[in-house]
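>>> build me a structure from this.
(one chain, ligands or ions: 2)
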Amino acid sequence: MIDVTLESVSKRFARTGDTAAVDDVDINIAAGEFFTLLGPSGCGKTTTLRMVAGFYFPTSGRIRFGDEDVTRKPPNKRDTGMVFQNYALFPHMSVAQNVAYGLKIRKVGRADAQRRIAEALDQVHLGGYGTRRIDELSGGQQQRVALARALVIRPRTLLLDEPLSNLDAKLREETRVEIRRIQREAGITSIYVTHDQSEAMAMSDRIAVMESGRVQQIGSPQEIYHRPANTFVARFIGRSNVLSLPVVAATATTVDVRLPGGGSQITVAGPQGHGLTEGSTALVSVRPEHIGLCAATEEGALTARVTELEFTGMATNLIVEVEGESEGVMVAAVEVPAGLGVGDQIGLRLNPARMWVVRP
Ligand code: ADP
Ligand code: MG
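Ligands and ions are numbered 1, 2, ... in the order given. From the prediction side, this is the model:
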């Protein structure tokens, strides 16, 4: 097992000129870790992964596998296993022939290759499928062949670029569990790319949230969820509300803020060095599930009007217009009492212990 380090890595494409597709990225991935690059389309995830694989060279910065500087090494000198969204399999060839591909290039002998192909197919629970043609397999099975093909070369790192995007929702959930099992059993340092935050949260040891080529935050799913670094992360992960609230007092790690509509004063935790002082405005993230319903007349409640109800199964997302709050719209995930409908006035109770100060 090896660790992977990206040190001030940037990538500028000739065509896009001055704007960097990847902008000064620093990431340390521990040996054996399952690390995810998460962000919206175009934020630089694939470009970052391709630099780790060696398909692109950085414009500046360094990439290391353990102590070895691989920044300018071609892909075949890096021992990375790569899995793509479209699988990139040869459809007319057999499963075994597809898995054999990397071994052929490496001139692994026939007997050794046979044994390793069988091993890799066992690893992905496709033992006995070696003679099947790719176009006879389901999407999920094809994805596992792609994984076997990546693993058969015994790579030092496993790189996966949106490998589940072509699968339907149920299969996607099953396959993500499967990928994590295989990764854990192989004990292989892995970098996973996705734009799907729930996939990233469910699978990863740690996540780097990216936007416009820059890393916005690196942390465990829990850290990113409960202590988002800025408004982008708060809104991208789990659809947080971000309130702008006047600061009435502050310590190094907390602020006292006043709720809208002449509401009560609450204390909210934030990052060390938040820099907020009395009289400034704090941005505070509130998760929809940390908001409770109450009577509009209740002491300290926010008053709001319901503009939409979205039933999700686990709860109902109430989209509300808050009275006396500049940004107005909030989402609360609640159990809706019978008869509540669009246009009704309600009270909202926030849980200060679950709120968090974020940067702009
Ligand atoms: P993501 O995988 O997060 O969707 P990409 O890494 O593919 O994002 O792209 C990041 C940015 O770099 C985008 O603006 C994209 O248009 C640009 N880009 C990606 N590959 C190339 C390329 N080969 N040539 C020019 N621009 C590219
Ligand atoms: Mg991409």
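
>>> which residue does the stretch 51-200 of the chain bring closest to ligand 1?
Distances between the stretch 51-200 of the chain and ligand 1 by Cβ to the nearest ligand atom are smallest at residue 193, namely 6.5 Å. Quick note: C-beta positions are derived from backbone N, CA and C, even for glycine.

>>> my guess is that residue is in a helix, correct?
No - going by DSSP: H, G, I helix; E, B strand; the rest coil, the assignment for residue 193 is strand, not a helix.

>>> who's it bridged to?
residue 37, residue 161 (DSSP bridges).

>>> use 59 as the first number from now on
Happy to do that; since the first residue is 59 now, the last one works out to residue 251.

>>> is it true that it touches residue 105?
No - here residue 251 lies out of contact with residue 105, judged by Cβ atoms under 8 Å, at a distance of 10.1 Å.

>>> pLDDT score assigned to residue 75?
Residue 75 is assigned 66 on the pLDDT scale.

>>> over to residue 394?
Model confidence at residue 394, given as pLDDT, is 91.

>>> check contacts around the closest residue to residue 148 other than its chain neighbours.
In space, not counting the residues next to it along the chain, residue 148 is nearest to residue 156; the distance is 5.7 Å by Cβ to Cβ, 6 or more residues apart in numbering. Residues near residue 156 by Cβ atoms under 8 Å, 6 or more residues apart in numbering: 147-148, 192, 203, 207.

>>> quick check, residue 156 in a helix?
Yes - Residue 156: assigned to a helix according to three-state DSSP.

>>> report how many residues lie close to the residue of the stretch 109-258 of the chain closest to ligand 1.
22 (other Cβ atoms under 10 Å).

>>> residues of the stretch 59-208 of the chain that sit close to ligand 1?
71, 73-74, 79, 97, 99-105 (Cβ under 6 Å from any ligand atom).

>>> least confident pick among those?
At the low end of pLDDT for those is residue 74, which has 60.

>>> tell me which element residue 172 is part of?
When elements are assigned from DSSP states H and E, residue 172 belongs to helix 168-181.

>>> elements contacting that helix?
helix 153-163, helix 197-209, helix 227-244 (3 or more Cβ pairs under 8 Å, 6 or more residues apart in numbering; DSSP states H and E).

>>> quick one: residue 144 and residue 222 touch, right?
No - with contact defined as Cβ under 8 Å, residue 144 does not reach residue 222; the gap is 11.8 Å.

>>> so which of the two has more stuff around it?
residue 222 (25 against 12).

>>> look at the nearest residue to the more buried one once chain neighbours are set aside and say how many residues are nearby.
Counting by Cβ to Cβ, 6+ apart, residue 230 is the residue found nearest to residue 222 once chain neighbours are left out, at 4.6 Å. For residue 230, the neighbour count with other Cβ under 10 Å is 19.

>>> got a pLDDT number for residue 230?
Looking at residue 230, its pLDDT reads 91.
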